[in-house]
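[1] only geometry, no sequence info:
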C-alpha cells in the first residue's frame, strides 16, 4: 500500500476528504519525525512504538576489493509493534 492508497483508505473510513486526510496524515508523520529527531520515543497505544536506535561502529568488507573498512556508528529509526497489532496480524 502506497501513501496515496493509505490516505484514500483513511479518508473513506473517516468520512473526510482526501485533501483533509492528506494534511492530517502528513502532519502526524511530521510530528513523529520531529520527536525522533529530538531523541524522543513515540508510543501509539495499540499500534506500536517508534524510537531512535543506536548502531555501534563495526567492521565490514568492501566486496570489490575485499579490503576491511570501518562502518561508523549511526542512529536509525526503529519500530516495535504492540502486542495488539501483532495479534491482529497473526489472526488475519
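    Yep, it's here. Every value quoted in this text rests on a predicted model; they were computed, and no experiment measured them. Numbering: from 1, shown residues only.
[2] When you work out contacts or count neighbours from here on, use the C-alpha atoms and nothing else.
    Noted.
[3] Quick check: longest helix in the protein by residues?
    helix 18-37 (DSSP state H).
[4] for this protein, which spans come out with low pLDDT?
    92 (pLDDT under 70).
[5] Show me where it has its strands.
    42-44, 48-55, 58-61, 68-71, 74-81 (DSSP state E).
[6] Ok, which of the ones you listed comes nearest residue 12?
    Residue 12 lies closest to strand 42-44 among the strands of the chain, at 21.8 Å (CA to CA).
[7] Other residues contacting that closest one?
    32, 35, 36, 49, 50, 51 (CA atoms under 8 Å, 6 or more residues apart in numbering).
[8] coming back round to it: got a list of contacts for the longest helix of the chain?
    Helix 18-37 is contacted from outside by 7, 8, 10, 11, 41, 42, 50, 51, 52, 77, using CA under 8 Å, 6+ apart.
[9] Against residue 27, how distant is the fourth one?
    For residue 11, the distance to residue 27 under the criterion CA to CA, to the nearest Å works out to 15 Å.
[10] Those two - which one has more neighbours?
    Higher neighbour count among residue 11 and residue 27: residue 11, with 17 against 12, using other CA atoms under 10 Å.
[11] List the residues that contact that one.
    If you count contacts by CA under 8 Å, 6+ apart, then residue 11 has 17, 18, 21 around it.
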